[in-house]
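In: Need the 3D shape of this:
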Amino acid sequence: MTRGVRSATWLFGIAAAVTLLDRLTKVWAEHVLRGGPPVELLPGVRLVFTTNAGGAFSIGGGSPLVFVTATVVVSALIAVTAWRHDRVLTSVALGLVLGGALGNLADRLLRGPGFRGHVVDFIDIGPWPVFNLADSAIVIGAILLAWTGIRAKREPALERPGADDG
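Out: Here you go, the predicted model:
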């Protein structure tokens, strides 16, 4: 298996798994939690049904098309570059970001006219805004990307696997 095929396989496999898990958990949350009392899992951690028209921290709730446009652009860039990565961890990180983006994009499409629907959120951890699995995947993916970027800068290019096969 070539480097590009391996990279794309990891990226799209992770993205598909995240998107599927996100959809399943949101459908579950809507059917089980909607209209009911919050479910306390641990002290400070509860499950509660809510929706969000905006982005992180409910910013931009009146501009859902901005989020849709950004999601489509970022998703397209990730997909186009899927075969170019020389590290599995980079592909996994981008797969997490793509899967999370597609999960929230699906909500916007399925839960309203056009892409104006609200995203389902249900994980409530103390002082943080309520979020979902897609949000978690995006944040974890971004952190992994930053970490792999920092690590890559510390290694000489010739010592990186695949760096010399252009």
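
In: can you count the residues close to Ala142?
Out: 15 (other Cβ atoms under 10 Å). In this view, the C-beta of every residue, glycine as well, is placed from N, C-alpha and C.

In: hang on, I meant Trp128
Out: Trp128: 10 surrounding residues under other Cβ under 10 Å.

In: Three-state assignment for it, please.
Out: coil (DSSP: H, G, I helix; E, B strand; the rest coil).

In: now it: how far from Val139?
Out: Using Cβ to Cβ, to the nearest Å, Trp128 is found at 11 Å from Val139.

In: element containing the most centrally placed residue in the chain?
Out: Closest residue to the average C-alpha location of the chain: Gly100 at 2.1 Å, with Cα atoms, centre = their mean. Using DSSP states H and E, Gly100 maps to helix 88-110.

In: before we move on, what about Thr71?
Out: Assigned by DSSP H and E, Thr71 falls in helix 64-80.

In: Give me the below-cutoff pLDDT ranges for the chain.
Out: Per-residue confidence for the chain (pLDDT under 70) gives these ranges: 56-62, 155-166.

In: hey, where'd the helices end up in it?
Out: Under the criterion DSSP state H, the chain contains helices at 3-32, 64-80, 88-110, 133-154.

In: And the longest one, what's buried?
Out: Pointing back at helix 3-32 there. By 16 or more other Cβ atoms under 10 Å, the buried positions in helix 3-32 come out as 3, 6-12, 14-15, 18-19, 22-23, 25-26, 29.
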